[in-house]
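Pasting a predicted model and its sequence here:
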Amino acid sequence: MEVRHPKVQNKCAGPGRPANPGGFLDGHADKRDTCSAAHSVDFPVSVVLPAGGTGERTGLQTPKQFCSVLGRPLISYTIQAFERVSWIQRIVVVVAKESMDLMVDIIRRFQHEKVQVVSGGSTRHRSICNGVMALGEDGEGMAPDRPGVVIIHDAVRPFVEEEFLHKIATAAREHGAAGAIRPLVSTVIATTSEGFLDHSLERAKYRASEMPQGFSYDVIRQAYERCTETDFEFGTECLHLALQYCGTNAKLIEGPPTLWKVTYRKDLAAVESVIKESLSESACMITGGRASAAALAEAFQKAAGALHMGLDPIPDVTAENSRYLLKEANFIQVSINDQCLSEVEALIQALEEANPALLHPLVVIWMLVITEDEASDGSTAAPASALMDMASTAKLHQILLYGIQFHQSEVRALSFLHLFSFVFFH
Ligand SMILES: Nc1ccn([C@@H]2O[C@H](COP(=O)(O)OP(=O)(O)OP(=O)(O)O)[C@@H](O)[C@H]2O)c(=O)n1
Ligand SMILES: O=P(O)(O)OC[C@@H](O)[C@@H](O)[C@@H](O)CO
């Protein structure tokens with residue numbers, strides 16, 4: 001499907017079918033508010049993820065954005081990094097038309113939110129242009145809800161944090177354009193036509209242009225409406241288009257080293273080791289909706305921030321929260337004074353039914369909290385034998401079950417999180 005916008009007919013389009021105006025695959029926005037209070041914006045932000053390349057430099061048959069990492073396509077990690085940000089409204093993924101069905105399947109399988117799939121072009125700029133135009137598409141009589149800011153981010157850069165996205169988006173809002181930069185690792189040199197050194201650049205004066213980049217919508221749209229076929233064919237830098245065709249000088253912001261792009265096969269191995277390491281840094285805390293458990297989860301969530309752990313408290317894993325079963329690797333089931341194992345049994349059953357395509361064990365910690373009044377009744381510990389039996393069965397499904405019981409007066413969130421982090425690092 002090709003996005004063909006009347007004003008820029010064939011401007012960014014490659015070959016392809018007329019575009020579906022871009023109906024959402026699942027239109028409900030992500031209701032899970034995952035942004036911390038520190039990060040919010042007062043203008044609409046959308047994202048374009050160019051993912052229409054072939055990944056030739058990996059030497060693999062499968063385009064790198066669709067290569068599996070721990071049983072999950074690389075692009076799914078990148079989409080998740082954006083869909084978790086509550087102030088991002090729409091994510092346009094731009095893929096080659098022959099990958100459209102695959103992309104739709106990935107979105108459904110991993111229950112991605114806020115995603116619209118658009119057909120790519122023969123070059124990266126053409127693909128990005130298609131994505132930008134789709135954001136302004138009138139689509140079936142709907143007034144285009146054009147974003148104030150568009151974040152553009154290569155789909156093969158899976159490690160992007162909300163805090164940096166917020167910096168890029170607010171700088172783009174203020175300056176019209178903003179981009180991530182990183183120090184150069186190697187010196188840049190110019191060669192003669194015979195392949196000899198012509199001159200070298202003073203490395204300290206230059207930076208590597210990375211992603212994400214942000215633009216006010218009108219700037220990037222106008223840049224693509226005005227740029228030339230040569231730009232579309234050979235260009236690699238959106239910031240240059242904004243300067244060249246809109247006179248907009250991008251604000252440059254040094255980003256973390258995690259912004260690197262998967263380009264070669266070795267980069268896929270690096271992604272896998274980084275993701276494995278990060279597995280111990282997030283968990284889903286299931287509170288059952290009880291006020292006391294929710295209060296405890298809130299205290300843990302605050303403490304988790306100090307350990308750079310992401311902790312998502314939710315009441316259960318049903319309905320819209322069922323996506324956690326596919327994307328999270330660690331779960332803490334909180335029971336208050338309830339020695340019955342039914343809740344954790346239900347969680348393990350839900351995990352087995354969801355059968356997430358992860359090649360590493362899932363970890364479930366049953367956290368039994370005994371409150372002061374209950375403790376005075378001399379309540380006994382949960383039936384350890386029943387827990388052991390359940391753990392033995394769960395292990396057959398790659399689920400590692402642990403139990404921890406403590407009295408409310410013993411709760412020191414940070415120390416428990418250190419313990420959880422140790423257990424999660426499997
Ligand atoms: N016609 C294209 C070419 C590239 N991209 C996307 O732009 C990003 C960065 O480009 P690059 O790393 O060069 O990806 P490929 O072009 O796939 O890699 P190669 O040059 O090795 O083929 C990737 O997410 C890629 O999918 C795109 O959307 N459309
Ligand atoms: O050139 P490639 O297509 O490999 O990758 C695109 C990069 O050039 C681009 O992501 C940054 O340089 C920022 O513009």
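Ah, there it is. Residues are numbered from 1 along each chain as shown. Ligands and ions are numbered 1, 2, ... in the order given.

Any figure for the gap between the closest residue in space to Ala250 that isn't next to it in sequence and ligand 1?
Distances taken as CB to CB, 6 or more residues apart in numbering place Ala177 nearest to Ala250, at 3.8 Å, with adjacent residues excluded. C-beta coordinates here come from the backbone N, C-alpha and C atoms, glycine included. According to CB to the nearest ligand atom, to the nearest Å, Ala177 and ligand 1 sit 18 Å apart.

In this structure Ala177 contacts Gly247, no?
No: Ala177 is beyond contact range of Gly247, at 10.5 Å (criterion: CB atoms under 8 Å).

okay, these two: which has more neighbours?
A count of neighbours by other CB atoms under 10 Å puts Ala177 above the other of Ala177 and Gly247, at 26 against 9.

Tell me the bridge partners for that one.
With DSSP bridges as the criterion, Ala177 is bridged to Phe215.

what's the answer for Gln116, then?
Beta-bridge partners of Gln116, counted by DSSP bridges, are Val92.

Check what pLDDT it gets.
Looking at Gln116, its pLDDT is 96.

now do Val94
At Val94, the model reports a pLDDT of 98.

residues in this structure within reach of ligand 2, list them.
The interface of the chain toward ligand 2, taken as CB under 6 Å from any ligand atom, is made up of Arg124, Asp154, Ser209, Glu210, Met211, Thr236, Glu237, Cys238, Lys261, Thr263.

wait, isn't Lys276 in contact with Leu70?
Yes: Lys276 is within contact range of Leu70, at 7.1 Å (criterion: CB under 8 Å).

For the stretch 201-350 of the chain, just list every one of the helices.
Applying DSSP state H, counting those that start in this stretch to the stretch 201-350 of the chain gives helices spanning 217-226, 229-234, 238-246, 265-278, 291-306, 324-327, 342-354.

Got phi/psi on the residue in the chain that ligand 1 sits nearest to?
Proximity of the chain to ligand 1 (CB to the nearest ligand atom) peaks at Gly53, 2.1 Å away. Gly53 has phi and psi values of phi -90, psi 180 when expressed as degrees, to the nearest 10.

correct me, but it touches Thr123?
No: contact criterion CB under 8 Å: Gly53 and Thr123 do not qualify, at 9.0 Å.

on that earlier part again, contact partners for the residue of the chain closest to ligand 1?
Shown in contact with Gly53 (CB atoms under 8 Å, 6 or more residues apart in numbering): Pro63, Lys64, Gln65, Ala96, Gly120, Arg124, Ser127, Val156.

So which of the residues you listed belong to helices?
Of those, the ones assigned to helices by DSSP state H are Arg124, Ser127.

For ChimeraX, write a command that selects the buried ones of the contacts of Gly53.
The following ChimeraX line selects those of the contacts of Gly53 that are buried, judged by 16 or more other CB atoms under 10 Å:
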select :63,64,65,96,120,124,127,156
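
would you turn the contacts of Gly53 into CSV with distance to ligand 1?
CSV is the format used below for these (distance: CB to the nearest ligand atom, whole Å):
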residue, distance to ligand 1
Pro63, 6
Lys64, 6
Gln65, 5
Ala96, 7
Gly120, 5
Arg124, 4
Ser127, 3
Val156, 4
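
Closest one of the contacts of Gly53 to Thr393?
Distance to Thr393, by CB to CB, is smallest for Gln65 among these, at 37.2 Å.

What sits closest to the residue nearest to the spatial centre of the chain if chain neighbours are left out?
Nearest to the mean C-alpha position of the chain, counting by CA atoms, centre = their mean, stands Ala81 at 1.4 Å. Spatial nearest neighbour of Ala81, chain neighbours left out: Val160 (5.0 Å); criterion: CB to CB, 6+ apart.
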